[in-house]
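Participant: sequence first, predicted model second:
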Amino acid sequence: MIESENSLTVRALLPEEAQLASDVERLSLGHEAWTADGIRETVARNGYYYAAFLGGAFVGSAGFTAVLDEGYITNIAVHPDFRRMGAASELAKAVIEKAKELKLSFLSLEVRESNAAAISLYEKFGFSNVGRRKNFYSEPTEDAVIMTLNF
Ligand SMILES: CC(C)(COP(=O)(O)OP(=O)(O)OC[C@H]1O[C@@H](n2cnc3c(N)ncnc32)[C@H](O)[C@@H]1OP(=O)(O)O)[C@@H](O)C(=O)NCCC(=O)NCCS
């Protein structure tokens with residue numbers, strides 16, 4: 001468990017918290033949100049999800065899947081009322097720590113090219129822009145930037 005001064009806590013997401021995670025994803029990412037069942041099934045298979053709490057309240061989550069020595073971040077989302085308080089940073093730290101523990105070669109993800117907040121977050125943690133997927137996203141159609149952190 002990682003705890004910081006402003007009562008921000010990050011720990012592994014419990015299966016019964018998958019709905020909370022899905023709800024915050026839907027608020028944050030609309031139709032790109034994962035369902036609670038999808039999150040639970042992923043965790044049961046090859047996924048690792050972390051939950052962030054501020055003053056005891058669930059505020060967001062982040063997850064990744066591990067395939068051989070490759071890690072793919074699924075989503076990271078923080079409730080709109082609790083942004084810019086460091087929750088995503090603590091979630092990113094937990095994800096990176098776990099990826100290192102699993103001895104993954106890299107963590108990678110796709111992000112909308114217009115998503116300056118997320119791109120800035122990932123850059124802060126050492127991810128670099130390694131490519132682009134044309135028209136990867138729909139509603140609205142947009143390119144994805146591929147960002148990767150090599151270990
Ligand atoms: C991206 C997101 C997860 C950041 O969550 P957060 O808890 O507010 O982030 P933090 O407070 O930990 O901020 C960490 C860094 O992210 C970046 N950041 C966060 N919000 C930002 C904003 N509105 N504009 C620019 N940079 C931003 C900054 O680099 C920030 O570091 P700084 O505070 O030193 O400037 C949040 O905005 C969110 O849920 N967005 C919608 C979902 C989403 O787009 N997820 C990514 C999908 S790939």
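Facilitator: Happy to help now that I have it. Since the model is a prediction, treat every value here as computed from it, not as a measurement.
Participant: I'd assumed residue 9 was in a strand, is it?
Facilitator: Yes: when DSSP: H, G, I helix; E, B strand; the rest coil is applied, residue 9 is found to be in a strand.
Participant: my read: it touches residue 53, true?
Facilitator: Yes: Residue 9 lies in contact with residue 53 (CB atoms under 8 Å); the separation is 4.6 Å. For glycine as for every other residue, the C-beta is placed from the backbone atoms N, C-alpha and C.
Participant: what is the burial count for residue 31?
Facilitator: 8 (other CB atoms under 10 Å).
Participant: wait, does stretch 26-44 contact the ligand?
Facilitator: Yes: Stretch 26-44 lies within reach of the ligand by CB under 6 Å from any ligand atom, at 28, 29.
Participant: tell me the buried residues in that stretch?
Facilitator: By neighbour count with 16 or more other CB atoms under 10 Å, stretch 26-44 contains the buried residues 28, 29, 33, 34, 36, 39, 40, 42, 43.
Participant: in this structure the first one contacts residue 80, no?
Facilitator: I take that to be residue 28. Yes: between residue 28 and residue 80 there is a contact under CB under 8 Å: 7.0 Å.
Participant: and this protein, which residues reach the ligand?
Facilitator: 28-29, 75-78, 83-89, 109, 111, 115-118, 120-121, 124.
Participant: which of those are buried?
Facilitator: Buried members of those, counted by 16+ other CB under 10 Å: 28-29, 75-78, 85-89, 109, 111, 115, 118, 121.
Participant: which two in those residues are spaced the farthest apart?
Facilitator: Set against one another by CB to CB, these have their most distant pair in 85 and 109, with a gap of 21.9 Å.
Participant: would you map the strands across the chain?
Facilitator: Ranges of strands within the chain are 2-3, 8-12, 47-54, 57-67, 70-78, 106-112, 128-137, 142-150, based on DSSP state E.
Participant: okay, now the sheet partners of the fifth one, with direction.
Facilitator: Looking back up the chat, that one is strand 70-78. The strands that strand 70-78 pairs with in its sheet are strand 57-67 (antiparallel), strand 106-112 (parallel) (by DSSP bridges).
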